[in-house]
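# Turn this into a structure:
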Amino acid sequence: MSFRVAPRRSVVANAVYGLLNPIPFGIFVAALIFDIIYARSANVLWVKSAAWLIAMGLLFAVIPRLINLVQVWITARRFALSTEKLDFWLNVLAIIAAIFNAFVHSRDAYGAIPEGVWLSVITVTLMAIGRVATAAQDAASGNIVHD
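Here you go, the predicted structure:
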């Protein structure tokens, strides 16, 4: 009788993924905060800063998604958890919303609101749901280690 052993994930890929994965979420949250501040104050500085943050967030969001694509869908397709797949798709949808948000923020500052705020909310919400689902799965399986 032969047993299938789960393929090991690359240590380097896990390290790069663990390092880069939280960065886009923080950047998109900052962009949402800047959009809300602009909607309340009408100071153009805030919406232009949000546009830059969205562009930076998109740059940092692509690399972890490519690593996750390989780990979840190619190398460990049979052994990937459903929450890993859900997190992948929610992050892809968040990146798509952020791309639309970047186009909205490329308009005049007064034309970026309220669509920019709603797209920022959608982006942050999708990413947050993915992170909560992953954290809940890790807590249920006992993978959380407190140092």
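# where are the low-confidence patches of this structure?
The model of the chain has pLDDT under 70 over residues 1-9, 76-80, 143-147.
# which element is the residue nearest to residue 29 when sequence neighbours are not counted on?
Residue nearest to residue 29 in three dimensions, not counting chain neighbours: residue 124, with 5.6 Å by Cβ to Cβ, 6 or more residues apart in numbering. (C-beta placed from N, C-alpha, C; glycine too.) In this assignment (DSSP states H and E), residue 124 forms part of helix 115-141.
# And residue 59, by the same measure?
Assessed by DSSP H and E, residue 59 sits inside helix 44-68.
# Buried residues, that helix. List them.
Of the residues in helix 44-68, 46-47, 49-51, 53-58, 60-61, 63-65, 67-68 count as buried by neighbour count, 16 or more other Cβ atoms under 10 Å.
# what do you get for stretch 123-136?
Using 16+ other Cβ under 10 Å as the test for burial, stretch 123-136 gives 123-124, 126-127, 129-131, 133-134.
# residues in contact with that stretch?
Here stretch 123-136 makes contact (Cβ atoms under 8 Å, 6 or more residues apart in numbering) with 24-25, 28-29, 32, 83-84, 86-88, 90-91, 93-94, 97-98, 101.
# Pull out the buried residues from the residues you listed.
Among the contacts of stretch 123-136, those classed as buried by neighbour count (16+ other Cβ under 10 Å) are 24-25, 28-29, 32, 83-84, 87-88, 90-91, 93-94, 97-98, 101.
# ok, of those, which one's closest to residue 117?
Residue 117 lies nearest to residue 32 out of these, by Cβ to Cβ, at 7.5 Å.
# For the closest one, give its distance to residue 24.
Distance, residue 32 to residue 24, using Cβ to Cβ, to the nearest Å: 12 Å.
# for residue 127, same thing?
7 Å.
# do residue 132 as well
Separation of residue 132 from residue 24 (Cβ to Cβ) stands at 16 Å.
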